[in-house]
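Asks: give me coordinates for this.
(2 chains)
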Amino acid sequence: MNIGVLALQGAVAEHMRSLEEAGVKAVAVKRPEQLDELQGLVIPGGESTTIGKLMRKYGFIDAIRAFSAQGKPIFGTCAGLIVLANHIESQQGPEEPHLGLMDMTVLRNAFGRQRESFETDLNVHGIDEPVRAVFIRAPLIKAVGADVDVLCEVNGEIVTARQGHLLACSFHPELTDDANLHRYFAEMVKQHLNVAG
Amino acid sequence: METGTARVKRGMAEMQKGGVIMDVMNAEQAKIAEAAGATAVMALERVPSDIRAAGGVARMADPTIVEEVMKVVSIPVMAKARIGHYVEAKVLESLGVDYIDESEVLTPADEVFHIDKNEFTIPFVCGAKDLGEALRRIGEGAAMLRTKGEPGTGNIVEAVRHMRLINSQIRKIQNSSKDELYAEAKNLGVSYDLLLQIHESGKLPVVNFAAGGIATPSDAALMMHLGADGVFVGSGIFKSDSPEKFARAIVEATTHYQDYALIAQVSKNLGTPMKGIEISKLAPSERMQDRGW
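Replies: Sure thing, here's the model as predicted:
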C-alpha cells in the first residue's frame, strides 16, 4: 500500500515520516502521473495560495479529482484542507476554490495571524487518545454540507471533518510524534482497498 | 491553549518549506509576489541593493508600509529589525507581523548582543554563515535560519559558501565522538547540549533557507540542490527587468529544482536579471555578512 504526499510546497517530509510511523510506504508526489501508482494521497500544510497555483500549473486539479472519483482516500491538513474545500473565504474576501471536493465553507487564517497560533490537546471522534494539535495561521470550517461528518471542534468551531473517503483537519498532526491521525487515514485507505478488491 | 511555543514558531517555518519568500516595498509588489506563488513576503522600505546604493543607516521600515502589505495579501508577512534592536522587534510584534528577520541587511544596533528571541511570541529568522552562528541564534530563540550570503549583490557565491560550510560542519559533528564535542562546543562558541542534538540527529533543529545573492531560477535551484529548505529572494525580483516573470520562474524552479528541462523552460526570455556585484570589489565595510556575532 503506497500513500503519496503532494510535494509541491510545505511540510512534505514531516507527513512522510508520520505515514511511515503509521506503517505505510510514503511517496513524494511531484507529477500527476505518479498518482496512478498510489492508493491514498495526503495534501500537506504549506501556503494554500502557492500550492493551489502550482497544482493548476502542473495539471493536478483534474488528476486529483479523477483520483477522488475512484473513491481513493485523500487527507488534507491546514492548507490541504483549504485546497479540498468547495467554498473558501479570507479576510480579503471570497476566493476561487481549488479542488472543490469537500462540501464545506472554510475561513482562512481564522484564528488570526502567527501571534495567535497555538497548540492544544483535542479529542477527535474515532481516535481513543487525545491528539496534540498544532494550529499555525490555521483555517477553520465554518459550515459543512449534509454528507460531511464533524470529527472535532475547538470552542464550537469545526477543525476536523470527514466526507466519506475525504478527511481534513485545520491543524498539523505531522508536526508531532503522534501518528494516530495518520493511522486513522491509513485505515481508510485499507478499507477502500478491501472494498475495491 | 499555548501560544508562542517552540513547536508553533518552528512549525510556521516548516510550512514555508520548498517555497520562495520575496522582498517587497509596497502593496502593489506584495500582490505581484502573492500572485506569482510566493509563500511569504518580506515588507521593506528598500531592497538590499538600494540600501547599498543609498548608504547611511538602514533601519526598520516605516510601519505604514508593513501595515499596507499586511492588508493586501493573505500569505504571511515578515519584516526586518536591526540586530540587537529589541524595540524595533517589539514594534513589529505589536503590528502583528508573522515573522521577524533580525537582519544584517540593516545597520546593527548592538555590536555585542543579539535580541533574546525566546521571550517573543512572534518567531524570528536569523542569518548564519557557519554552524557556530546558526547554533548561537537557535540558542537565543531563532525558529528559522537562512544563509547570510552577500545581500543585494545578485552574486550567489557567498550563499553557496555558507550553505556548504554549515552542512560540512554538521557532517563533522555527526561523525565526532562524544568526548570531542566538548572541544567543538568551545571552538564553535555554542552550547554543548545543542551540539549534542546535532550529533544525534545529523541536522539542524530548525528550517534553513538560502538567502543573499539569489538572482535567477537556476540560482534558486542550486541552493535547493545544496540542501536549502527554501529561498529568500531580495533584490533579485523587483530589480530585474520583468518582476512578474522572474517571480513565477523562481517559484517553479524552487519546486522542481531537479527538473532541469523545466528550469530551462522557465528561464527563457526572462529579460535581464538584476545587475550583480563582484564580491572582491566590495570594501570590508560594505560586507553585510560580517555583521552579527
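Asks: pull up the residues of the stretch 151-293 of chain B that are close to chain A.
Replies: Contact residues (C-beta under 8 Å from any C-beta of the partner chain) of the stretch 151-293 of chain B with chain A: B:251-252, B:255-256, B:259. (Glycine included, C-beta is placed from N, CA and C.)
Asks: by neighbours, which of those wins?
Replies: Ranked by the number of neighbours (other C-beta atoms under 10 Å in any protein chain shown), those place B:V251 first, at 30 neighbours.
Asks: give me the beta-bridge partners of the residue nearest the centre of chain A?
Replies: With distances taken as C-alpha atoms, centre = their mean, A:G76 lies nearest the centre of chain A, 0.8 Å away. For A:G76, the beta-bridge partners under DSSP bridges are A:I43, A:A168.
Asks: A:T176 versus that one, what's the distance?
Replies: 17 Å (C-beta to C-beta, to the nearest Å).
Asks: equivalent analysis for B:S74, please.
Replies: 26 Å.
Asks: surely A:A28 is within a helix?
Replies: No. A:A28 sits outside any helix when classified using DSSP: H, G, I helix; E, B strand; the rest coil, being strand.
Asks: tell me the bridge partners for it.
Replies: So, taking DSSP bridges as the rule, A:A28 has A:V5 as bridge partners.
Asks: isn't it right up against A:V12?
Replies: Yes. Counting by C-beta atoms under 8 Å, A:A28 touches A:V12, with 5.9 Å between them.
Asks: what's the overlap in contacts for these two?
Replies: Here A:A28 and A:V12 share the contacting residues A:V5, scored by C-beta atoms under 8 Å, 6 or more residues apart in numbering or on different chains.
Asks: who's more crowded, the two?
Replies: For A:A28 versus A:V12, neighbours defined as other C-beta under 10 Å are more numerous around A:V12 (24 against 14).
Asks: next one, pLDDT for that one please.
Replies: At A:V12, the model reports a pLDDT of 97.
Asks: residues contacting it?
Replies: Residues near A:V12 by C-beta under 8 Å, 6+ apart: A:5-6, A:28, A:44, B:17-18.
Asks: which two from those end up farthest apart in space?
Replies: Pairwise distances across the contacts of A:V12 peak at 13.0 Å for A:L6 and B:K17 (criterion: C-beta to C-beta).
Asks: which of the two has more neighbours?
Replies: A:L6 (28 against 21).
Asks: now do the contacts for that one.
Replies: A:12, A:29, A:41-44, A:51, A:55, A:60, A:80.
Asks: all strands of chain A, in order?
Replies: Using DSSP state E, the strands of chain A run over A:2-6, A:25-29, A:40-43, A:74-77, A:85-90, A:93-95, A:102-107, A:118-122, A:131-135, A:140-144, A:149-154, A:157-163, A:166-169.
Asks: which of these has the lowest mean pLDDT?
Replies: Ranked by mean pLDDT, the strands of chain A end with strand A:93-95 at the bottom, a mean of 93.
Asks: what pLDDT is listed against the residue of the stretch 51-200 of chain B found nearest chain A?
Replies: At 3.8 Å from chain A, B:D98 is the closest residue in the stretch 51-200 of chain B, using C-beta to the nearest C-beta. We have a pLDDT of 98 for B:D98.
Asks: likewise the one 3 residues further on?
Replies: Turning to B:D101, the model gives it a pLDDT of 98.
Asks: can you tell me the helix or strand for it?
Replies: Under the criterion of DSSP states H and E, B:D101 resides in strand B:99-103.
Asks: which other residues reach that strand?
Replies: A:114, B:12-13, B:40, B:42, B:76-84, B:89, B:92-93, B:114-115, B:117, B:120, B:122-127, B:142, B:144.
Asks: narrow these to those in helices?
Replies: Of the positions in these, B:12-13, B:89, B:92-93 sit in helices, assigned by DSSP state H.
Asks: quick check: the gap between B:M15 and A:I74.
Replies: 19 Å.
Asks: break down chain B into its helices, ranges please.
Replies: Going by DSSP H, chain B shows helices at B:6-14, B:27-36, B:48-54, B:63-72, B:86-95, B:131-140, B:157-175, B:178-188, B:192-201, B:217-225, B:235-238, B:243-255, B:260-266.
Asks: nearest to chain B within chain A, name that residue for me.
Replies: A:Q114 (3.8 Å).
Asks: residues near that residue, how many?
Replies: For A:Q114, the tally of surrounding residues (other C-beta under 10 Å) stands at 24.
Asks: wait, doesn't it sit right on B:R10?
Replies: No. Assessed by C-beta under 8 Å, A:Q114 is found out of contact with B:R10, at 11.8 Å.
Asks: identify the contacts common to these two.
Replies: With C-beta under 8 Å, 6+ apart as the test, A:Q114 and B:R10 both reach B:P123.
Asks: next up, the contacts around A:I51.
Replies: Counted by C-beta under 8 Å, 6+ apart, A:I51 has contacts A:6, A:8-10, A:43, A:79-80, A:83, A:98.
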